[in-house]
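K.L.:
the sequence and its predicted three-dimensional model are supplied below.
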There are 2 protein chains.
Amino acid sequence: MSKRYWEDFKPGAVEIYDSRLVTREEIVAFAAEFDPQPMHLDEAAASTTLLGGLGASGWHMGCLLMRMIADSFILDSSSMGAPGIEELRWLKPLRPDTRVHLRATVLDTRASKSRPEMGLTRFRYEMIDEAGEVVVAMVVPTMFGRREKGVS
Amino acid sequence: MSKRYWEDFKPGAVEIYDSRLVTREEIVAFAAEFDPQPMHLDEAAASTTLLGGLGASGWHMGCLLMRMIADSFILDSSSMGAPGIEELRWLKPLRPDTRVHLRATVLDTRASKSRPEMGLTRFRYEMIDEAGEVVVAMVVPTMFGRREKGVS
């Protein structure tokens, strides 16, 4: 796929990207560094929590999503970054040895009023497991350079 | 501080917690794993971006905040986890070798209607730098076990 600019994202467009396996080892290593709650570190402790068994930290889920987004298209785009996350929901535990993929939906897109070389695109990003279910979903507004400068 | 339950979080309460240093080495290591965009990896490449110089991945900022939240009080509380993040904003670049601390504000709190053993507390979490400025802020609703079961 060629490098993408703001003009290339059309509202309603849905794209599915390559999958990756999430291992127990990486779930525990991430939790030990950033989110050392028992439910992300230890099966026995996790079994008595709302997760009902070992599951990845929600922050790990977000970071895995970020990596999939970067590899899928952001690194080969005119992305200028994002001001934040509008909403993020953890919908289902992410268990060890689950294969997940990324679904990216363009929600809407608008030119910047103040910067003619820039546009904004809002995405819904979802991590989907092997059962086809969404484990984490978030809405992220992203700034992109325009292929052609607009009138502002 | 003793173990905290849902009843112990009062709306409007603000707490400041210990600081930590964020190094260039950890910024680059995190980015290489989860968010390999040039602005988080390389000074020269970063200087031409909106960040205006090397800065931590926004996901790294969130994960550092999570670790500070865990160490500050969540690990010694009746926390049952969070369903998501209501809003997250990256307000200022996080540069290498910045010392940051956590400010936690209790926004509001309510008993669970369906689970008498549980309550919900919404926090605003902010990472503050040495200049006293907020680098990242987020609102997170968290479920806590109650010290005494409520009537539902």
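P.N.:
Perfect, I can see it now.
K.L.:
ok, is the longest strand along chain A in contact with chain B or not?
P.N.:
Selection of the longest strand in chain A by residue count, based on DSSP state E, yields strand A:98-111. No. Contact between strand A:98-111 and chain B, assessed by Cβ under 8 Å from any Cβ of the partner chain, is absent, since the two come no nearer than 13.7 Å. Yep, even glycine has a C-beta here, placed from its N, CA and C like the rest.
K.L.:
and the contacts of that strand?
P.N.:
Under the criterion Cβ atoms under 8 Å, 6 or more residues apart in numbering or on different chains, residues A:6, A:9-22, A:64-65, A:68-69, A:72-73, A:94, A:118-130, A:135, A:139, A:146, A:150, A:152 lie in contact with strand A:98-111.
K.L.:
among those, which are located in helices?
P.N.:
The members of the contacts of strand A:98-111 that map onto helices under DSSP state H are A:64-65, A:68-69, A:72.
K.L.:
which one of these is nearest chain B?
P.N.:
Of all the ones in helices among the contacts of strand A:98-111, chain B sits closest to A:Leu64, with 7.5 Å by Cβ to the nearest Cβ.
K.L.:
follow-up on the earlier one: which of the contacts of strand A:98-111 count as buried?
P.N.:
Using 16 or more other Cβ atoms under 10 Å in any protein chain shown as the burial test, these include A:6, A:9, A:20, A:22, A:64-65, A:68-69, A:72-73, A:94, A:118-129, A:135, A:146 as buried.
K.L.:
out of the ones in helices among the contacts of strand A:98-111, which are close to chain B?
P.N.:
Counting by Cβ under 8 Å from any Cβ, the subset of the ones in helices among the contacts of strand A:98-111 that neighbours chain B consists of A:Leu64.
K.L.:
which of the ones in helices among the contacts of strand A:98-111 sits closest to B:Ile85?
P.N.:
Compare each of those with B:Ile85 using Cβ to Cβ and the shortest gap goes to A:Leu65, at 12.6 Å.
K.L.:
quick check: that closest one touching A:Ile128?
P.N.:
No. Here A:Leu65 lies out of contact with A:Ile128, judged by Cβ atoms under 8 Å, at a distance of 10.6 Å.
K.L.:
chain B contacts on chain A?
P.N.:
If contact is defined as Cβ under 8 Å from any Cβ, the residues of chain A in contact with chain B are A:33-37, A:39, A:49-51, A:57-59, A:62-64, A:66-67, A:70, A:74-75, A:79-90, A:138, A:143.
K.L.:
pull the CA coordinates from the longest strand of chain A and hand them back as PDB.
P.N.:
Once non-C-alpha atoms are left out, strand A:98-111 reads as follows in PDB (Å, rounded to 0.1, in the frame of the first residue of the first chain):
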ATOM      1  CA  THR A  98      -4.900 -15.500  22.000                       C
ATOM      2  CA  ARG A  99      -4.400 -14.500  18.400                       C
ATOM      3  CA  VAL A 100      -5.800 -11.000  17.800                       C
ATOM      4  CA  HIS A 101      -6.200  -8.700  14.800                       C
ATOM      5  CA  LEU A 102      -7.000  -5.000  14.300                       C
ATOM      6  CA  ARG A 103     -10.100  -3.500  12.800                       C
ATOM      7  CA  ALA A 104      -9.900   0.200  11.900                       C
ATOM      8  CA  THR A 105     -13.000   2.200  11.000                       C
ATOM      9  CA  VAL A 106     -12.900   5.800   9.800                       C
ATOM     10  CA  LEU A 107     -15.600   7.600  11.800                       C
ATOM     11  CA  ASP A 108     -15.300  11.000  10.300                       C
ATOM     12  CA  THR A 109     -12.800  13.400   8.800                       C
ATOM     13  CA  ARG A 110     -12.400  17.200   8.600                       C
ATOM     14  CA  ALA A 111      -9.900  19.800   7.400                       C
END
